[in-house]
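Colleague: Next one to model:
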Amino acid sequence: MIDSLLDEMTLEEQVSVLSGADFWTTVPVERLGIPKIKVTDGPNGARGGGSLVGGVKATCYPVAIALGATWNPALIEAMGVSLAGQVKSKGASVLLAPTVNIHRSGLNGRNFECYSEDPMLTAALAVAYIKGVQSQGVAATIKHFAGNESEIERQTMSSDIDERALREIYLLPFEQAVKKAGVMAVMSSYNRLNGTYTSEHNWLLTDVLREQWGFDGIVMSDWFGSHSTSESVNAGLDLEMPGPTRDRGEKLVQAVRDGTVRPETVREAAGRILTLLERVGAFSSAPDLSEHAEDLPADRALIRKIGAEGAVLLKNDNILPLEKASLKRVAVIGPNAAVARVMGGGSAQINAHYTISPLEGIRAALQGTADVQHSVACGNSRLVKLFSQPVTVEYFKGVNCQGTPVAAEAVQTGEFFWFELPSPDLSLTDFSVRFTGTFTPQEDGPHLLGMTNSGLAKLYVDGELVVDGYTDWKRGENFFGTANDEIRHSVEMKAGRSYAIKVEYLSPPPEEYGIHITAIRFGIERILGEDAMVEAVECAKGADVALLFVGREGQWDTEGLDLPDMRLPGRQEELIERVSAVNPNCIVVLQTGGPVEMPWLEKVKAVLQVWYPGQELGNAVADMLFGDQEPGGRLPQTFPKQLSDNSAITNDPSIYPGMDGHVRYEEGVFVGYRHHDSRTIEPLFPFGFGLNYTSFEWDEPKASASEMTASGVTVSVRVSNTGKRAGSDVVQLYVEAPVSGVERPLKELRAFAKIALEPGESGEVTLEINPRDLSYYDVDAAAFRAPAGDYRLLIGAHAQDIRSAITIVNPQEWLGAVGDRTI
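Modeller: Residues are numbered from 1 along each chain as shown. I've put the predicted structure just below:
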């Protein structure tokens, strides 16, 4: 079928399907019955078309680092099945997920969207995710291929990575997704790899991906991530996104006629696009691109389960779980207590059906049996709280907000990100908008107004210019580096009085930024001072327990920028110190997309890391606090004691954050726990760490053979729940290679298994390893090499808790060629 369609297509038609039609759909060829399909962002939901903000309601799942913390591929596969249904509810056939870049440092703003610092754990979970999604006839898109471990200058930065580190660490999840899950699509990254843009990197897209691994799906660019015509097509980039085309169309037709691109190359790329359409069923029934909200009880229950199973209990001095009957007064304190921090920021964000805050979840769980008191104490947001009152939006032709509005709408938000406008008479490069609304403070005192805009804007209060985002506008970090940094101004306000808010916005000309983004965000909030901290301390005094909800939020953990440090933002560390000084039963519930420094750790009774666990946040947290569920997670990323303990953090800026357009991955394969082991640096919490509400005993492990064979070796461990509660444990297998002339990590995770047991129950887990698990990548031989010798299989509960070791012999050297698709 595909070949016959290609035979009938003209060159122009074949070229047309190699670019998007618009932001989210492909180009149809109606003459031949070739339909268009829609793609949608993930990974923690399916947003659908339209803007990155607002839109049709969608189910919000836990973010990827929370999935990484589950160490449970079967659960992640079930989520993939569920998520595929959400993709279909948005009229889409392709999900732009999962994200499998490695946690190289603790500062990557997008760590929340990735699984782990370890490539094997990342690969296992990504394979499960992809299998779940694609089992329902939806294509998964693994991204960002490759070397996108930082958001700093990500569209131009060259990630300079040696081939051994690439093969062993950064490419492994992609390789396994191709070989074990048959992933249907790959997205190239924005950055350059060793000097060449990944979207036109022939070695990466053709030599490695297609010829060595056997990938037969499509490669698409990240949005606006294509930089050429002939180079990208010849390298193996099939689909330029978004549309309409910038680099293809007539340019590509002319390149074929000039001989710089072979017509066979275009035909092959078009064939891969058509094959994708066939695989998602687009030819058998015309895709319905309409969108609707689908909020299912089964999805809610799954999200709640994953929320608990991915949460990591980092400390517990005999206080958790709490006994409801013994509680008379509970203090719920902190900037993340009464708001639901359910996801990170950037293209992964969605418009959730609903969200449940920790405060709501706790009150629902206690059902009035205890007095639950709340105090916000301080802020932790990077940007001023989003304006959320009713707003009238008027659209004008031209950039001066004059004349009769072409269109108008009523909304309840101060954030707008336009990919399309409400009238065909408007152009994204030549329009203006007036926003009008009112704000009525609940308290007297200074209020902070903030605005950031890609384009030019002014914010007025009662007719007076308060925030000027027009004069002396300068590009900053917001809206993917196309907007100014937030401009702030404080205004004294009276409670109960209504203030007129007006914002005028002018679209930017396209030549200003290259990537044309039209967006604005404005907000207002009461400035929290010392009185709020004092109130929080008073709230904690005399309470049976003080629950502190601290961390970050989706403007810190976000696409488009990295974190400045690993500290809790604002006055949160001070808050913990002051509350723990007046209440000995202080429990910290932490929400971040990665590690934080904890100078306050010894002053609190418990620490529970819950990440951003989706729309059921409050219920999942309450389940764990009161013992209805256990926190079943294990850390997928090492938590260092301090920022300088990260492998990528040195005094050399060329290693991180980069210098002169290059970032050197100088540490090579020594990422995360591999780095801590090699430098003998004690972490705050090791990779794989997590406490339980119950206790387990492990029998001595048994190996199926004492020598490695071509078919591998199986290790079995019997695990018994010796406590009084149901719970789960994770058995981790690391390989320690014999000393040789090649510097290798002290140990590397090669297998793991999670087991759930009732009190008194026992069960057996099996862990399989093969010759490649013993190997390193030999660049000169272009092969994975496992020298002959004795290898120790280390069985442990985390990277610093090795409980048993088995020695097996590799009787003869093993070589696995890069082109061997069976390994």
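Colleague: Helices of the stretch 51-200 of the chain, residue ranges please.
Modeller: Shown for the stretch 51-200 of the chain, the helices assigned by DSSP state H, counting those that start in this stretch span residues 64-70, 73-89, 119-134, 163-165, 172-181.
Colleague: Just name the most buried of those.
Modeller: Of those, the one with the most neighbours on average (mean count of other Cβ atoms under 10 Å) is helix 64-70, at a mean of 30. The C-beta positions use only the backbone N, C-alpha and C, and glycine is treated the same way.
Colleague: hmm, who's touching that helix?
Modeller: 43-44, 76, 79, 98-99, 111-116, 121-122, 125, 129, 306-307, 309-312, 593-594, 609-614, 632-637, 690, 754 (Cβ atoms under 8 Å, 6 or more residues apart in numbering).
Colleague: go with 7 Å
Modeller: With Cβ atoms under 7 Å, 6 or more residues apart in numbering as the test, helix 64-70 has contacts from 43, 76, 98-99, 111-116, 121, 125, 306, 309-310, 312, 593-594, 611-613, 632-636.
Colleague: ditto for stretch 573-581
Modeller: With Cβ under 7 Å, 6+ apart, stretch 573-581 has contacts from 333-334, 377-378, 533, 536-537, 540, 546, 548, 550, 567, 586, 588, 599-600, 603-604.
Colleague: Would you pull up how far stretch 128-135 lies from the middle of the chain?
Modeller: 17 Å (Cα atoms, centre = their mean, to the nearest Å).
Colleague: and what of stretch 34-48?
Modeller: Centre-to-centre, stretch 34-48 and its host chain are 17 Å apart (Cα atoms, centre = their mean).
Colleague: quick check: mean pLDDT across that stretch?
Modeller: The pLDDT scores in stretch 34-48 average 96.
Colleague: how long is that stretch from one end to the other?
Modeller: Start-to-end span of stretch 34-48 (Cα to Cα, to the nearest Å) is 22 Å.
Colleague: Would you mind splitting this protein into its domains for me?
Modeller: Under automatic domain parsing, the residue ranges defining each domain of the chain are 2-279, 391-526, 696-817.
Colleague: For the stretch 501-650 of the chain, which segments count as helices?
Modeller: Using DSSP H, counting those that start in this stretch, the helices of the stretch 501-650 of the chain run over 530-540, 572-582, 617-625.
Colleague: How about the first one, which residues are buried there?
Modeller: Right, helix 530-540. Residues 532-533, 536-537, 539-540 are the ones in helix 530-540 that count as buried (16 or more other Cβ atoms under 10 Å).
Colleague: what does it contact?
Modeller: Contacts of helix 530-540 (Cβ under 7 Å, 6+ apart): 331, 333, 373, 375-378, 546, 571, 575, 578-579, 582-583.
Colleague: go on, the shortest one?
Modeller: For helix 617-625, the surrounding residues in contact (Cβ under 7 Å, 6+ apart) are 304, 307-308, 311, 320-322, 340, 342, 355-358, 360-362, 364-365, 589, 608, 610, 613, 629-631.
Colleague: Kindly format the C-alpha coordinates of it as PDB.
Modeller: In PDB, the C-alpha atoms belonging to helix 617-625 read as follows (Å, rounded to 0.1, in the frame of the first residue of the first chain):
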ATOM      1  CA  LEU A 617      -1.600  15.000  44.900                       C
ATOM      2  CA  GLY A 618      -3.600  15.800  48.100                       C
ATOM      3  CA  ASN A 619      -5.200  12.400  48.300                       C
ATOM      4  CA  ALA A 620      -2.000  10.500  47.700                       C
ATOM      5  CA  VAL A 621      -0.200  12.500  50.400                       C
ATOM      6  CA  ALA A 622      -2.900  11.900  52.900                       C
ATOM      7  CA  ASP A 623      -2.900   8.200  52.100                       C
ATOM      8  CA  MET A 624       0.800   8.100  53.000                       C
ATOM      9  CA  LEU A 625       0.700  10.300  56.100                       C
END
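Colleague: List the backbone torsions phi and psi for Ile161.
Modeller: Here is the backbone geometry of Ile161 (degrees, to the nearest 10): phi -130, psi 130.
Colleague: correct me, but Leu383 touches Leu448?
Modeller: No. Using Cβ atoms under 7 Å, Leu383 is not in contact with Leu448; the gap is 10.4 Å.
Colleague: of these two, who's got more company?
Modeller: The residue with more neighbours, out of Leu383 and Leu448, is Leu383; 22 against 17, by other Cβ atoms under 10 Å.
Colleague: excluding its backbone neighbours, what's nearest the more buried one?
Modeller: Nearest non-adjacent residue to Leu383, counting by Cβ to Cβ, 6 or more residues apart in numbering: Gln555, 4.9 Å away.
Colleague: Many thanks, we can stop here.
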